[in-house]
Each structure stands twice: as C-alpha cells, then as structure tokens.
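>>> kindly return the folded structure for what I paste below:
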Amino acid sequence: MKALIVEVLGIGGLLCGLIIWLLPFFIIISDNKTTGREKLAWLMAVIFISWFAWIFYLLLAPIRKA
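Take a look at the predicted model:
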C-alpha cells in the first residue's frame with residue numbers, strides 16, 4: 001500500500017514538473033503580442049538559451065512596434 005502511494009506521488013510530481021516546464025511554451029504560443037518569425041525566435045530562445053527566456057518575452061515582446 002505504501003509503495004502505491006509513493007508511486008502515485010512520484011507520478012504526480014513528474015506531471016506537475018512537466019506542466020511547469022511546458023508552461024512558457026504555452027504562454028508564448030497562445031499570446032497575441034507576437035506572430036510568425038518573432039514568435040518562433042522566442043520559442044527557440046526558450047529551448048536553446050534558457051527556460052527563463054520567457055520572462056524576457058513577457059517584458060520585451062514585441063521587439064518591434066508595428
């Protein structure tokens with residue numbers, strides 16, 4: 001019984017971690033401040049530079065005012 005509880009908590013923790021890790025991607029994809037190539041550039045920044053690049057996205061996007 002204890003092993004089952006530990007397993008469920010472990011899986012729940014992994015799912016919470018996965019959701020938190022994917023949250024910046026969903027924020028950038030669903031936001032209407034940027035489109036096209038700029039949105040792609042922000043997503044690539046999150047992937048290749050740092051997960052915290054989405055904070056810069058929230059502060060700086062869009063780079064160019066239309």
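
>>> now the element after the longest helix anywhere in the chain, going C-ward?
With secondary structure taken from DSSP state H, the chain has its longest helix at helix 2-30. The helix or strand immediately downstream of helix 2-30 is helix 36-44, counting by DSSP states H and E.

>>> got the buried residues for that next one?
39, 42-43 (16 or more other CB atoms under 10 Å). Every C-beta, even on glycine, is put in place using the N, C-alpha and C of the backbone.

>>> closest to Cys16 out of these?
Closest to Cys16 out of the buried residues of helix 36-44 is Leu43 (22.3 Å), distances taken as CB to CB.

>>> in contact with the closest one, which residues?
Counting by CB atoms under 8 Å, 6 or more residues apart in numbering, Leu43 makes contact with 25, 28-29.

>>> most neighbours among the residues you listed, which one is it?
If you count neighbours using other CB atoms under 10 Å, the busiest of these is Ile28, which has 21 neighbours.

>>> that residue touches Lys39, doesn't it?
Yes: with contacts counted by CB atoms under 8 Å, Ile28 reaches Lys39, the gap being 6.4 Å.

>>> show me what the lowest-mean-pLDDT helix or strand in the chain is packed up against.
When each helix and strand of the chain is scored by mean pLDDT, DSSP states H and E, helix 53-60 comes last, with a mean of 81. Using 3 or more CB pairs under 8 Å, 6 or more residues apart in numbering; DSSP states H and E, the elements in contact with helix 53-60 are helix 2-30, helix 36-44.

>>> what pLDDT, on average, does the last one get?
So that's helix 36-44. Taken as a whole, helix 36-44 carries a mean pLDDT of 89.

>>> hey, C-alpha coordinates of it in PDB?
What follows is helix 36-44, C-alpha atoms only, in PDB (Å, rounded to 0.1, in the frame of the first residue of the first chain):
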ATOM      1  CA  GLY A  36       5.400  34.400 -37.200                       C
ATOM      2  CA  ARG A  37       9.100  34.500 -37.100                       C
ATOM      3  CA  GLU A  38       9.400  36.600 -33.900                       C
ATOM      4  CA  LYS A  39       7.200  34.000 -32.000                       C
ATOM      5  CA  LEU A  40       9.400  31.200 -33.400                       C
ATOM      6  CA  ALA A  41      12.500  33.100 -32.300                       C
ATOM      7  CA  TRP A  42      11.200  33.400 -28.800                       C
ATOM      8  CA  LEU A  43      10.400  29.700 -28.700                       C
ATOM      9  CA  MET A  44      13.900  28.800 -29.900                       C
END
